[in-house]
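Q: Below are the sequence and a predicted model; questions follow.
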Amino acid sequence: MEDDIIYLDHAAATPLVPEAATAMMDAYRDAPGNPSALGHSGRAAARLLEEARDRMAQALDFTPERLVFTSGGTESVGLAVLGTLLPRERGHVIASAIEHPAVLGSLQILQRRGFEVTLVPPDPGGVVDPERFAEAARPDTALACLMHVNNELGTVQPLELALGRVKERAPSCTTFVDAVQSLTRLPLEPERWGADLVALSAHKVGGPRGVGALVTGSRRPQRIFGGGDQEWGVRPGTENVPGVVGFVAALLAAEAHRTERASQVSEVCAAFEEELRRQVPGARINGNRDNCLPWILSISVAGISSEALVRGMDELGVLVSAGAACHARAQKQSHVLRAIGLSPRLGTIRVSFGAESTVDNARRAVQTLARTVKRYAIG
Amino acid sequence: MTLFILRYGELFLKGGNRPFFERCLLHNVKRVMGPLGGRVTRLHGRVEVELPEGHAEEARDRLGHVFGLTSFSRVTPVKPDLDALMAAAAAEARAAVAAWSGASPRTFKVETRRSDKRFPMKSPDISRAVGAAVGEAIALPADLRRPDLLVEVEIGSQRTFVTTGRSPGPGGLPVGSAGPVQLLLSGGIDSPVAGYLLLKRGCTIRPITFESPPYTGEDARTKVVDLCSRLARYAGAMTLRIVRFTEVQLEIQRRCPPRLAVVLYRRMMLRAAELAARAEGALALATGDSLAQVASQTLENLACIGEVACLPVLRPLVTFDKAETIDLARRVGTYDISVRPHVDCCSLFVPDHPETGATSDAVIEAEARLGDVQALAQQMLDTSDLVQISDPYANP
């Protein structure tokens, strides 16, 4: 990345870390074969893949059979949601109203096939009340989806309470957690959460785009498209070996520094918030900050559009996003901001920090935001 | 070699100025045919294009974008000799039936035009003789009133040919025959169509557009550039002037009554466009306005907006229904570009209840809060960007 650019859009994509880049180049060079092929280069690729799977499982403290590699977060979500429910004739699903579009989009597919979907709204702070979530569960509830960290607000959802209560009411219900934004930032603890399936993505943790994983337990979803028997037949298709190797290298690098990064990013985020109060007193920070990951900050300002804020800051070398990157180009209010009751007339940006973010960068970013507001806001 | 004969209609009306119009037309035909290796010559009342083999389809597309042409045909040149004409017409007719799309033709007719009176037979006799040969070749009856297949024979002093396919041209007058117009172009549906219609009447266009970054983005600019590229098929290369409107728009928002905002935007845009027009020698301004289509286009508002310009403001779509404009936009090929979902500055900060009956007094009072509006317009123009739009037909 160019030196004078301040990149604060890590929740959209993180820069590839050198450990991942090196591991991927090695894999491309040393194991060009298809892991399913019989020859020695295929065997080398298969070995690399399984070593990577073992290392990742070890780092996260579970068995390698529980890791299904995919093409990314969206596919992991699709496999979890559709692969759990499509084999059934009918059923009921609950999910929070602030899930990622990958989840909500998969639920729409199910709705069109006659499944019932209940979306549970969050409180105004962007946190789902566990009791309210569990109350939506019925004996025929087949799937419950709750994300770990919301991608627009950074709010942490009460997984353990909510999913535990769901299981009490609907013991056969499969529970699914989208942990794309929390991976390497908070511990990954499916057992403690009561999660049967967990979706992960590489490019949010310093790995390459186009790789993800689904953590499964005793219940594996069914395949949602046909092909070979790779990944226990759950995810057919030639494995992206260099991608997986890069993912695991990035994950291990980040996990090794999780605690110190967390305190570093907390410091950066605190500096940002403090500077924001000084420089843009009218700005509001969305989401309950007592229950938030410091990596993500959602900020609203009156008198200017989200797009103008993002483009205005971009012109000055600070990269942030409008709401979430997934619908930043759609220019309509995000479902998350609507769900917390935010006025669509406010301009909202998402600032998301990363391993290379510094207090100095945070302050300069706020100054840029202040200049943009002063120059372009009305009223 | 492929030979095309191009026909032009209205130019005949031009009396003493006809050579001028013909020169413009010839220039425009050369613009689109030259890059294909075409040799363009003027015959009596016709234009002829000789092309290397393999470009017939591309040539048809290009000729469909040359205003002033009423029709054109790919023709087979023949010796001025009856036997040769009969053989060529029979072969042409057979090929036309074989290539016919849809239900096969059931009838045909032969039409002859003999301008070279040295040819020993009269037109009706030639048609009869050639018709007999064609009828035998394709085994179809003649129908002189409403034939499915028309075989044309033309015997001229310079060129004799037969042809079966006549494509309609776009009509109008040759671009460049009417003078330059400053076109206020947005990313919407209407103004590109207005540009098309002005080109059709022989104007050249100087597009000027306004943007309000960071409220508008790169995508909005790309959209206008793409619209210009589409119009450049008719017009050839042109220069798009892009004016930054952000600061003026924000000033209007901050200082003036919201109800008048749109009228005030448009007055400022018209002022800047007129300054550009005068600097570049354009003789008129043009907009895509349609009477009473939206609030800013009531007759009162059009009058109030138009009064800031001294040059005439041409509004080719003034009586068009939206559906008619959309229909034309689809045919011109601008519609799919115009409906891309990017905000342009015309739709920014539009009040919920805009004024529909603006008066000069109210508007002048509001503008007094902006200071010297003429100077503001000049400032906008001084910092504008010029983007070269290349001729899409400059290459084969």
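A: Perfect, I can see it now.

Q: quick one: pLDDT of residue 366?
A: Using chain A. You'll see residue A:366 listed with a pLDDT of 98.

Q: sorry, should have said chain B
A: 94.

Q: Test my guess that it contacts residue B:261.
A: No. Under the criterion of C-beta atoms under 8 Å, residue B:366 makes no contact with residue B:261, lying 9.1 Å away. In short, each C-beta sits where N, CA and C put it, glycine included.

Q: For whichever residue of the stretch 251-379 of chain A sits closest to chain B, which residues are in contact?
A: Using C-beta to the nearest C-beta, the closest approach of the stretch 251-379 of chain A to chain B is made by residue A:311 at 3.3 Å. Residues near residue A:311 by C-beta atoms under 8 Å, 6 or more residues apart in numbering or on different chains: B:213, B:214, B:215, B:217.

Q: Specify which member of those residues is nearest to residue B:318.
A: Nearest to residue B:318 out of the contacts of residue A:311 is residue B:215 (C-beta to C-beta; 29.2 Å).

Q: care to break chain B down by domain?
A: B:2-168, B:179-389 (automatic domain parsing).

Q: how about these in a markdown table, adding mean neighbour count and distance to residue A:254?
A: What follows is the domains of chain B, written out as a markdown table (neighbours: other C-beta atoms under 10 Å in any protein chain shown; distance: least, C-beta to C-beta, whole Å):
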| stretch | mean neighbour count | distance to residue A:254 |
| --- | --- | --- |
| domain B:2-168 | 17 | 56 |
| domain B:179-389 | 19 | 33 |
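
Q: how about these, which one is nearest residue A:81?
A: Of all the domains of chain B, it is domain B:179-389 that lies closest to residue A:81, at 28.4 Å by C-beta to C-beta.

Q: quick one on the thing from earlier: ok, and of the contacts of residue A:311, which contact chain A?
A: Counting by C-beta under 8 Å from any C-beta of the partner chain, B:213, B:214, B:215, B:217 from these sit close to chain A.

Q: Confirm that the residue of the stretch 251-379 of chain A closest to chain B sits in a strand.
A: No. Counting by DSSP: H, G, I helix; E, B strand; the rest coil, residue A:311 is not part of a strand but helix.

Q: Among the contacts of residue A:311, give me the pair with the biggest separation.
A: Farthest-apart pair in the contacts of residue A:311 is B:215 and B:217; separation 8.3 Å (C-beta to C-beta).

Q: Is the spatially closest residue to residue B:232 that is not a sequence neighbour bridged to anything, and to what?
A: Nearest residue to residue B:232, sequence neighbours excluded (C-beta to C-beta, 6 or more residues apart in numbering or on different chains): residue B:389, at 5.2 Å. When bridges are called by DSSP bridges, residue B:389 pairs up with residue B:238.

Q: In contact with residue B:389, which residues?
A: Contacts were defined as C-beta under 8 Å, 6+ apart; by that measure residue B:389 touches B:207, B:225, B:228, B:229, B:232, B:237, B:238, B:239, B:240.

Q: Verify the stated contact: the last one with residue B:224.
A: This means residue B:240. Yes. Counting by C-beta under 8 Å, residue B:240 does reach residue B:224; the two are 6.8 Å apart.

Q: Need the overlap of contacts for those two.
A: Shared contacts of residue B:240 and residue B:224 (C-beta under 8 Å, 6+ apart): B:185, B:207, B:209.

Q: Need those in a markdown table (columns: pLDDT, distance to residue B:63 and secondary structure).
A: Formatted as a markdown table, these follow (pLDDT from 0 to 100; distance: C-beta to C-beta, whole Å; DSSP: H, G, I helix; E, B strand; the rest coil):
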| residue | pLDDT | distance to residue B:63 | secondary structure |
| --- | --- | --- | --- |
| B:185 | 97 | 26 | coil |
| B:207 | 98 | 24 | strand |
| B:209 | 98 | 29 | strand |
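
Q: Close to chain A: what parts of the stretch 251-396 of chain B are there?
A: Residues of the stretch 251-396 of chain B found near chain A, taking C-beta under 8 Å from any C-beta as the criterion, are B:253, B:254, B:341, B:343, B:349.

Q: 6 Å instead?
A: residue B:253 (C-beta under 6 Å from any C-beta of the partner chain).

Q: what about the strands in the stretch 251-396 of chain B?
A: Ranges of strands in the stretch 251-396 of chain B, per DSSP state E, counting those that start in this stretch, are B:284-286, B:313-314, B:385-389.

Q: residues in contact with the residue nearest to residue A:110 when sequence neighbours are not counted?
A: Spatially, and ignoring its direct neighbours in sequence, residue A:110 is nearest to residue A:85 (5.7 Å; C-beta to C-beta, 6+ apart). Residue A:85 makes contact with A:91, A:110, A:142, A:143 under the criterion C-beta atoms under 6 Å, 6 or more residues apart in numbering or on different chains.

Q: hmm, 10 Å instead?
A: A:91-93, A:106-107, A:109-110, A:113, A:115, A:142-143, A:174, A:221-222 (C-beta atoms under 10 Å, 6 or more residues apart in numbering or on different chains).

Q: just residue B:245 next, same as before
A: Applying C-beta under 10 Å, 6+ apart, we find residue B:245 in contact with B:209-213, B:215-216, B:252, B:265, B:268-269, B:272, B:344-346, B:348, B:380, B:384.

Q: Identify the spatial nearest neighbour of residue B:34, chain neighbours not counted.
A: Leaving aside its sequence neighbours, residue B:34 sits nearest to residue B:40 (C-beta to C-beta, 6+ apart; 7.4 Å).

Q: The one you found contacts residue B:26, doesn't it?
A: Yes. Applying C-beta atoms under 10 Å as the test, residue B:40 and residue B:26 come out as touching, 6.3 Å apart.

Q: Need the residues touching each of those two.
A: Shared contacts of residue B:40 and residue B:26, defined by C-beta under 10 Å, 6+ apart, are found at B:6, B:47.

Q: Closest to the centroid, which residue in chain B?
A: residue B:196 (4.1 Å; C-alpha atoms, centre = their mean).

Q: How about chain A?
A: Note: chain A centre (C-alpha atoms, centre = their mean) maps to residue A:180, 2.6 Å.

Q: so where do the helices sit in the stretch 201-350 of chain B?
A: For the stretch 201-350 of chain B, the helices defined by DSSP state H, counting those that start in this stretch cover B:218-235, B:246-255, B:261-280, B:299-306, B:322-332, B:335-338.

Q: for those helices, which one sits closest to residue A:248?
A: Taking C-beta to C-beta, helix B:218-235 is the member of these nearest to residue A:248, at 37.0 Å.
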